[in-house]
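**Q** Predicted coordinates and the sequence they were generated for:
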Amino acid sequence: MWRSLPRCAWGAFGCLLLCSSSPLWGQACCGPPTVSLAGTERGIDTRSLLVLTLSYGFARFDRTLDGTRLVADPLGRTAFSHTWRLEGELTVGTDWSVLLSLPVTSKSRRFQLDTLGESYHAAGIGDAIAVLKRNFSPMLSPWSLAAGLGLKLPTGTSDWEENGVRLPRDIQPGTGTWEALLWGYASGLFFDGLIASALSATLRLPLTADELGYRNGAELQLLLLSSWLDSPIPALLPTLALRLRTTGRDRLGSQPFPATGGIWLDALPSMTLLFEPFALRWQGMLPLWSRTNGVQLVHSWGVTAELQWTLRR
């Protein structure tokens, strides 16, 4: 049954798995952090030698939660982020690949208390990420399995100042910390090859604190996505993904930092236009459910656009 699936559909699904969502890294507060990594959504495509991705993402923050309850923000905060990401994945042989991702971010936050208002802004290179992937897929199987190890490097600025005052940590382009990444992936075909589904899991573990003794909370992301391969428009493929993200509290020295950590569940609908060797994707980000530790400003919506180029063997 799976042998009858056109090779172009498998290639399209590989593009979708790369592009269909953008997990985001950073400290554990304030909804999704704003440094993206998309290449963990797919396994190793053995027919590809090199995949390059250029993306832009926007996220708006204008909701404040205390646990699961929507509350009025005591400081009248709103925020937004822009993220540009350049990513490349090189396949070595049939079982290994190396994924590199470098983001550039622009973040802004505004406070409004009665008639007094203040805004902060920072922009620059964020924290780079490198992941080594290993393919474990059985030969001649409709299933794909892979796992990997990686590092988040402190390449981004974490001490940005305005008027001599250091900006809040979640406005900084980088975090100033080293972190380990553990990754797993599985995918398969269902309903006579009409639906392709995948599950990826990424665990982020802090290795170091920054120069002030601040350490990010550990984070687990689970992403479940499904793509419809029998779309009436062959070059246009719809995908729906659900992302569950849970983070522990950040710590300052040995003390848990207040108002950090929580659980977030987001819907990530997307459409991908395929015109080999390119793929163009549009994606939305819609929060479904959240639970925060303490009062936190969280995201209300987001959009992403990605252009991908694939060099086949």
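**A** That came through, no problem. Keep in mind that this is a model prediction, so the values were computed, not measured.
**Q** which sections of the stretch 1-150 of the chain are below the confidence cut-off?
**A** In the predicted model, the stretch 1-150 of the chain carries pLDDT under 70 at residues 1-41.
**Q** what ranges do the helices span in this protein?
**A** For the chain, the helices defined by DSSP state H occupy 7-19.
**Q** From the geometric centre of it, which residue sits farthest away?
**A** residue 115 (36.6 Å; C-alpha atoms, centre = their mean).
**Q** Could you report the distance from that one to residue 106?
**A** Distance of residue 115 to residue 106, given as C-beta to C-beta, to the nearest Å: 27 Å. No exception for glycine: its C-beta is placed from N, CA and C like everyone else's.
**Q** what does residue 117 give?
**A** To residue 106, residue 117 is 20 Å away according to C-beta to C-beta.
**Q** okay, the two: which has more neighbours?
**A** Just comparing residue 117 and residue 106: by other C-beta atoms under 10 Å the higher neighbour count belongs to residue 106, 16 against 10.
**Q** Surely that one is in contact with residue 82?
**A** Yes. Assessed by C-beta atoms under 8 Å, residue 106 is found in contact with residue 82 at 4.3 Å.
**Q** so how far is residue 262 from the nearest residue to residue 213 once chain neighbours are set aside?
**A** Of all residues not flanking residue 213 in the chain, residue 253 sits nearest, at 4.8 Å (C-beta to C-beta, 6 or more residues apart in numbering). The spacing between residue 253 and residue 262, counted by C-beta to C-beta, is 21 Å.
**Q** repeat for residue 187
**A** When distance is defined by C-beta to C-beta, residue 187 is 28 Å away from residue 262.
**Q** Equivalent analysis for residue 185, please.
**A** Distance from residue 185 to residue 262, by C-beta to C-beta: 25 Å.
**Q** Check residue 152 too.
**A** Separation of residue 152 from residue 262 (C-beta to C-beta): 20 Å.
**Q** Specify which residue of those two has the higher count of neighbours.
**A** Remark: of residue 152 and residue 262, residue 152 carries more neighbours, 29 against 25, as counted by other C-beta under 10 Å.
**Q** Just confirm that one contacts residue 176, I think it does.
**A** No. In this structure, residue 152 is not within contact of residue 176 by C-beta under 8 Å, at 11.1 Å.
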